[in-house]
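# Next comes the sequence, and after it the predicted model I'd like to discuss.
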Amino acid sequence: MATVRAAAAPAAAPVLPYRVGHGFDLHRLAEGYKLIIGGVDIPHIKGCEAHSDGDVLLHTITDAILGALCLPDIGQLFPDTDPKWKGARSDIFLKEAVRLMEERGYVLGNIDCTIIAQKPKLSPHKETIRANLCNLLKADPSVVNVKAKTHEKVDSIGEERSIGCHAVVMLIRKE
């Protein structure tokens, strides 16, 4: 005989003092597209092939924040099957993630980002990217770190066919 169980009410999400999230993104590079990283136009012969503007860094940070909050990822919230996101600026996605973070009572503790690209060299653009991130994240520069690495000519990134990014974020509960 089958046992019938009463539907349990979902448990309330715990109010944690800290939350950590990781984000990752990878985009194909192709001619005919702009290369936008962290909301900054980077001069290059190739750009990210994507449904939106293809900003690999903003996509990564958006996913890191959403992950820290245990929310659906960027692809679920802003699906590439929805024509309304065609060509959209990625700061729209990040601003929504920040809004959700604040709505749930958190602020950015710190973020550490690593952009991985064989070319172009990103060192000359890192401070401009960082300043833009601070503005978008409503954060002091002391808690926003941006690093750039090559992939030593290995795989699609090293062969200049793609660009990747990782980010780790810590959110702190507002007092």
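That came in fine, so what should we check first?

# What residues of stretch 93-110 count as buried?
Residues 93-98, 100-101, 104, 106-109 are the ones in stretch 93-110 that count as buried (16 or more other Cβ atoms under 10 Å). Just so you know, the C-beta spots here come from the backbone N, C-alpha and C atoms, and that holds for glycine as well.

# same thing with stretch 26-42?
Buried, per 16+ other Cβ under 10 Å, within stretch 26-42: 26-27, 29, 33, 35-40, 42.

# Make JSON lines from the residues you listed and add secondary structure, pLDDT and distance to residue 123 to it.
Listed next are those as JSON lines, based on DSSP: H, G, I helix; E, B strand; the rest coil; pLDDT from 0 to 100; distance: Cβ to Cβ, whole Å:
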{"residue": "26", "secondary structure": "strand", "pLDDT": "96", "distance to residue 123": "21"}
{"residue": "27", "secondary structure": "strand", "pLDDT": "95", "distance to residue 123": "20"}
{"residue": "29", "secondary structure": "strand", "pLDDT": "95", "distance to residue 123": "19"}
{"residue": "33", "secondary structure": "coil", "pLDDT": "94", "distance to residue 123": "22"}
{"residue": "35", "secondary structure": "strand", "pLDDT": "96", "distance to residue 123": "15"}
{"residue": "36", "secondary structure": "strand", "pLDDT": "97", "distance to residue 123": "17"}
{"residue": "37", "secondary structure": "strand", "pLDDT": "97", "distance to residue 123": "12"}
{"residue": "38", "secondary structure": "coil", "pLDDT": "97", "distance to residue 123": "14"}
{"residue": "39", "secondary structure": "coil", "pLDDT": "97", "distance to residue 123": "18"}
{"residue": "40", "secondary structure": "strand", "pLDDT": "97", "distance to residue 123": "13"}
{"residue": "42", "secondary structure": "strand", "pLDDT": "97", "distance to residue 123": "11"}
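
# Okay, strands next: where are they in this structure?
Using DSSP state E, the strands of the chain run over residues 18-31, 35-37, 40-42, 46-49, 106-116, 144-149, 162-173.

# do you know which of the ones you listed lies nearest residue 88?
strand 35-37 (11.6 Å; Cβ to Cβ).

# tell me the pLDDT at residue 12?
If you check residue 12, the pLDDT there is 67.

# just to revisit the earlier point, per-stretch mean pLDDT over the strands of the chain, give me the minimum one.
strand 46-49 (a mean of 92).

# helices or strands up against that strand?
Judged by 3 or more Cβ pairs under 8 Å, 6 or more residues apart in numbering; DSSP states H and E, the packing partners of strand 46-49 are strand 18-31, strand 35-37.
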